[in-house]
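[1] Prediction below, plus the sequence it came from.
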Amino acid sequence: MPVKSYLVFPHIGKKKALSDILVDMSWCEILPAENEELIVLVTDTENEKEEEKCLNSLNAIPELDHYTLVSGFEENSKKVN
Amino acid sequence: MNRREFIRKMAAASAITAAATMFPGIVFAEEQTRDLPEGDILWKKSPCRFCGVGCGLKIGLQNGKAVAVKGDPESPVNKGLCCVKGYHSVMALYAKDRLKKPLVRKNGKLVETSMKEALDLVASKMQETIDKHGKNAVSMYGSGQWTIPDGYVASKFMKGAIGTNNLEANARLCMASAVTGFLSSFGMDEPMGCYEDIDHADVFVLWGNNMAEMHPVLFSRMLDQRLQRKNVKIIDLATRTTRTSTAADRSILFKPQTDLAIANAICYEIINNGWVDTGFVKNHCTIKKGKTNIGYGLEDKFAFKDEAQGIDFEEFKEFLKDYKPEDVQELTGVSAKDIKYLAYLYGSPNKKVTSFWCMGMNQHTRGTWINNLVYNIHLLVGKISTPGNSPFSLTGQPSACGTVREVGTLTHKLPHGVVMNEKDRKMAAEIWKVPVENIQPKPSLHTVEMFRALDRGDVRFMWIQVTNPMVTMPKLNRYREGALKEDRFIVVSDVYPTPTTDIADVILPSAMWIEREGMYGNSERRTQHFDQLVDPYGESMSDTWQIIEVARRMGFEKQFPWTYENHIEEIWKEYSLFHKGAKHGMAPLEVLKSEAGAQWPYVNGKSTKWRFHGKYDPACSKGDTYDFYGKPDGKAWIWARPYEPAPEEPDKEYPFLLNTGRVIEHWHTGSMTRRIPVLHQAVPNAYVELHPEDAKKMGVINGGKVKLTSRRGEIELPASINERGKPVRGHVFVPFFDEGLLINELTLDAFCPISKQPDYKKCAIKVEKA
């Protein structure tokens, strides 16, 4: 399955809380922006089932306003998005 | 790093790039410490290798290699922040094709040799050229990326020992107009303010300066101030829409070259509304006019000398009558309302204003004039030399100020003063232990003219260090062909193969950045020291030591007596003698080693943050007020400088205007950053930005091939429409970092007749679907 990256936008004032949740989630690595209400999320899942679980978990986080896919890379490094 | 980790890093980089498009100036501090290797890491300080901001870094060392970078929280420059180039900077040390051994051209092919033989050859060829053609047939072309010791030994070697003023540096291409602007307005070079102005200013006016990409850490500091203090406004005054424009409070687009008319119109409006600080102007300024219709330097051996003539305030007012905001709307493309708004911001007594500029104003055939005119605005309203009130010329390279401007590695300069001044020559001769007659009293060849002389055959030997002129020279085809002519000998010192090493007869591998000890001087007069932190790669040697070795081979042992172990310390001590005193004193080496840099004038153990005001600057002698001591009468000069057009305007045959510049991911010609996978992947090649309507009319789609043709060359590039930047109709923009797509084959070698700095921002081209 591909590695994907997203821009994740928290609800106002919830960046820290959202970061704390994401940092503990499986398959997820985050990079919170220092000076904007934005978090870069990189997901790395083994299979479709894992990816679905990961997205379901994301969608269930109340602190998260919305997120947008930026890129996806196959194991062979070909950019898919 | 395994393949999967690399892919994750690429994915993160893509997202960071996308985020930077949406939020210019966004910073991801944790990126710096992610993926740190396991085990103990030793962190050592160094200024960043790349731009002129001079961010303080902490370099992570492990097993003799630099493995990580983070921003130095102790640095007052960046306060722990870092841009994408900075925190990937150590990767530039370790690309696979790093130059490891010296190469010498034999029968047209480069073959490996020893450093001893290569240096012997350089010295003998230099001597042979002097014997055959005279000392003015040899030249050296260095860089604003030279360390201070590199530039100092180059100046001593060329001007003091050999006795030629054929010494130039690539900073001529990026900040010479800033220098002549400072000298003509204040009599002393470099900004009077510092980055701390950002923490005090209410208004920032960016004159043709895409800071979100070119000075991202300073831009982040500005955005941070805007978040903290609700009254802060950022105005982007530019010729194309960039990431800076989208983050600014107001984006004002003007027609290229007409910044001259806009600045004069702002002055007109300030006077017309009674916003002049009359006490300040009366006590601290004098008004001058210079020559007009001064040419563009397009012909070989072009010569120009300006002459200042005093005028009074009434004559200055009369001069400005041609620049009524309503009368320059059509010329500038800026509405009278917007010009009046700018004048209001500058003129409003309760607002502190900082103006920033860089290449937009400096790479300009009237670069000195536009620098003068922005100073005029600040001087008329008395907003200068105090916290937040700062006309601030930013520089592009890590030591354009420290090395090229302060050491003086330009044809007319000495470490203190200029070659034309007998007192300055005597001082240099005494410190350098050479006969004063050795130092020539006339400047010889500025950069463009030096490459023209190489083409003509007046120069036969050129030693190029830390720069890549076969990518950066305007009208590149002429200068490449000139360098390749019979009986020319080119030596290139660099860290990677480049189009410039392609023309070399000898290539010397250089020790890069933290592989040797040195100092850089940044835009705010801050000198920063770095230790040698890792071993030089292969047989590479510092540029300083290369010059010393060649100088000794040519018989100048007395001038270069130092040991390898003590040479940086001894050079610093000797160089500091030139700047003794309250106006330019340099900090002792032990201070530079222990602190995150020091700002000259360094007096009584203290850096000077703001110059020319008695409250902050110990060199002032008039009490708690202004003292522009660079000029004999202690006054700053306001200049009457008119608008004059660019040398090449679009016409029927070449109806578009070409602008060139940089992108955040790449450092200058990309010779280092294109070898950093994350940065290369982010922007793998150059492109041409088109206005969407122009693209539509030509049937060009995003990524489609476009052919650009000027009177000097042609090139095919992929189109970029509505992406990173957006030019206005009839204009295009191309970045110059890509050695595979050499945009400078199209540019024009016109320059400012006062500063001799070329204009890379305006030439006429034809644009076609390829």
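    Perfect, I can see it now.
[2] pLDDT weak spots in the chain?
    Reading this off chain A. Along chain A, segments meeting pLDDT under 70 span A:1, A:74-81.
[3] Chain B, not that one
    In chain B, residues with pLDDT under 70: B:1, B:21, B:29-35.
[4] domain parsing for it?
    B:3-93, B:176-292+B:307-394+B:631-640, B:656-747 (automatic domain parsing).
[5] Just put the ones you listed in a markdown table and tack on distance to chain A and mean neighbour count.
    Placement of C-beta: from N, CA and C, glycine included. Formatted as a markdown table, those follow (distance: least, CB to the nearest CB, whole Å; neighbours: other CB atoms under 10 Å in any protein chain shown):
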| stretch | distance to chain A | mean neighbour count |
| --- | --- | --- |
| domain B:3-93 | 4 | 21 |
| domain B:176-292+B:307-394+B:631-640 | 6 | 21 |
| domain B:656-747 | 9 | 20 |
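[6] Reformat those as JSON lines; add distance to residue A:62.
    What follows is the domains of chain B, written out as JSON lines (distance: least, CB to CB, whole Å):
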{"stretch": "domain B:3-93", "distance to residue A:62": "23"}
{"stretch": "domain B:176-292+B:307-394+B:631-640", "distance to residue A:62": "25"}
{"stretch": "domain B:656-747", "distance to residue A:62": "33"}
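[7] Among the ones you listed, which comes closest to residue B:552?
    domain B:3-93 (28.1 Å; CB to CB).
[8] what's in contact with the helix or strand hosting residue B:128?
    Assessed by DSSP states H and E, residue B:128 sits inside helix B:115-133. With CB atoms under 8 Å, 6 or more residues apart in numbering or on different chains as the test, helix B:115-133 has contacts from B:101-104, B:137-138, B:162, B:460-461, B:463, B:489, B:491, B:505-506, B:508, B:539, B:541, B:546, B:549-550, B:553-554.
[9] follow-up on the earlier one: nearest to residue B:479, out of the domains of chain B?
    domain B:656-747 (9.2 Å).
[10] and that closest one, how far from the chain's centre?
    Relative to its parent chain, domain B:656-747 has a centroid offset of 21 Å by CA atoms, centre = their mean, to the nearest Å.
[11] still on that earlier bit, just the C-alpha atoms of the helix holding residue B:128, please, in CSV.
    C-alpha atoms of helix B:115-133 as CSV (Å, rounded to 0.1, in the frame of the first residue of the first chain):
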residue,chain,number,x,y,z
MET,B,115,46.9,18.4,-5.1
LYS,B,116,50.6,19.2,-5.2
GLU,B,117,50.9,18.9,-8.9
ALA,B,118,47.6,20.8,-9.5
LEU,B,119,48.7,23.7,-7.3
ASP,B,120,52.2,23.7,-9.0
LEU,B,121,50.4,24.0,-12.3
VAL,B,122,48.1,26.8,-11.2
ALA,B,123,51.1,28.8,-9.8
SER,B,124,53.2,28.2,-12.9
LYS,B,125,50.4,29.1,-15.4
MET,B,126,49.6,32.2,-13.4
GLN,B,127,53.3,33.3,-13.4
GLU,B,128,53.7,32.4,-17.1
THR,B,129,50.7,34.5,-18.0
ILE,B,130,52.0,37.5,-16.0
ASP,B,131,55.4,37.1,-17.7
LYS,B,132,53.9,36.9,-21.2
HIS,B,133,51.0,39.3,-21.0
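[12] Just checking: what are the partner strands of the helix or strand that that helix is followed by?
    Using DSSP H and E, the helix or strand that follows helix B:115-133 in sequence is strand B:138-142. Note on strand B:138-142: by DSSP bridges, its sheet partners are strand B:167-169 (parallel), strand B:461-465 (parallel).
[13] What parts of chain A come near chain B?
    A:3-7, A:29, A:31-36, A:38, A:40-42, A:44, A:70-73, A:75, A:77 (CB under 8 Å from any CB of the partner chain).
[14] Is it possible to mark the buried ones in those?
    Among the residues of chain A next to chain B, those classed as buried by neighbour count (16 or more other CB atoms under 10 Å in any protein chain shown) are A:3-7, A:29, A:31-36, A:38, A:40-42, A:44, A:70-73.
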